[in-house]
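[1] Would you be able to build a 3D model of this:
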Amino acid sequence: VRLVASGGGLVEPGGSLTLSCAVSGTTFSNTYMAWFRQGPGAEREGVAAIGVQGTTAYADSAEGRFTISRDSANNTLFLQMNSLKPEDTAMYYCAAGFRWWKLLPRYKYWGQGTQVTVSS
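    Numbering: from 1, shown residues only. The predicted model follows:
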């Protein structure tokens, strides 16, 4: 299973970004997916997760600002991030697995990460 994350960058506070994660080597429709992030000096934390039938879970910090979605036709996971804050600055990772771990970092497969920096 290979996960390739992209879409990170530098954005001003209040701005938006959409992260993508291209997935290969698995039947995407049967794969549970999630986004995690790790800021400087911080532990990796779950941001959002999506199940095989579209069930979603969000961290409190992401609820109402971030939206996770999946495109099974193109084997791609997305994270739409709005109203970004400086504290959202982190390396963002996509993760995949075959159980519904929600926001626990117990997924089997991980992408390489894409950096998001929120700064004026």
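[2] buried stuff in the helix or strand residue 49 falls within?
    Following DSSP states H and E, the helix or strand that holds residue 49 is strand 45-50. The neighbour-count check on strand 45-50 (16 or more other CB atoms under 10 Å) flags 46-50 as buried. C-beta here means a position set from N, CA and C on the backbone, and glycine is covered the same way.
[3] How far does it sit from its chain's centre?
    Chain-centre distance of strand 45-50: 6 Å, with CA atoms, centre = their mean, to the nearest Å.
[4] Quickly run through the sheet partners of that strand, with directions.
    Strand 45-50 has its sheet partners listed here by DSSP bridges as strand 32-38 (antiparallel), strand 56-58 (antiparallel).
[5] of those strands, which approaches residue 86 most closely?
    strand 32-38 (13.4 Å; CB to CB).
[6] what is the mean pLDDT for the strand holding residue 49?
    The average pLDDT within strand 45-50 is 98.
[7] cool, stretch 92-101 as well?
    97.
[8] my guess is residue 7 contacts residue 20, does it?
    Yes: counting by CB atoms under 8 Å, residue 20 is a contact partner of residue 7 at 4.9 Å.
[9] What are the neighbouring residues in contact with the closest residue in space to residue 10 that isn't next to it in sequence?
    Of all residues beyond its chain neighbours, the one nearest residue 10 is residue 117 (4.8 Å), with distances taken as CB to CB, 6 or more residues apart in numbering. By CB atoms under 8 Å, 6 or more residues apart in numbering, the residues touching residue 117 are 8-11, 89.
[10] List the ones among these that fall in strands.
    Mapping the contacts of residue 117 onto strands (DSSP state E) picks out 9-11.
[11] of those residues, closest to residue 77?
    Looking across the ones in strands among the contacts of residue 117 and measuring by CB to CB, the closest to residue 77 is residue 9, at 17.8 Å.
[12] All set, thanks.
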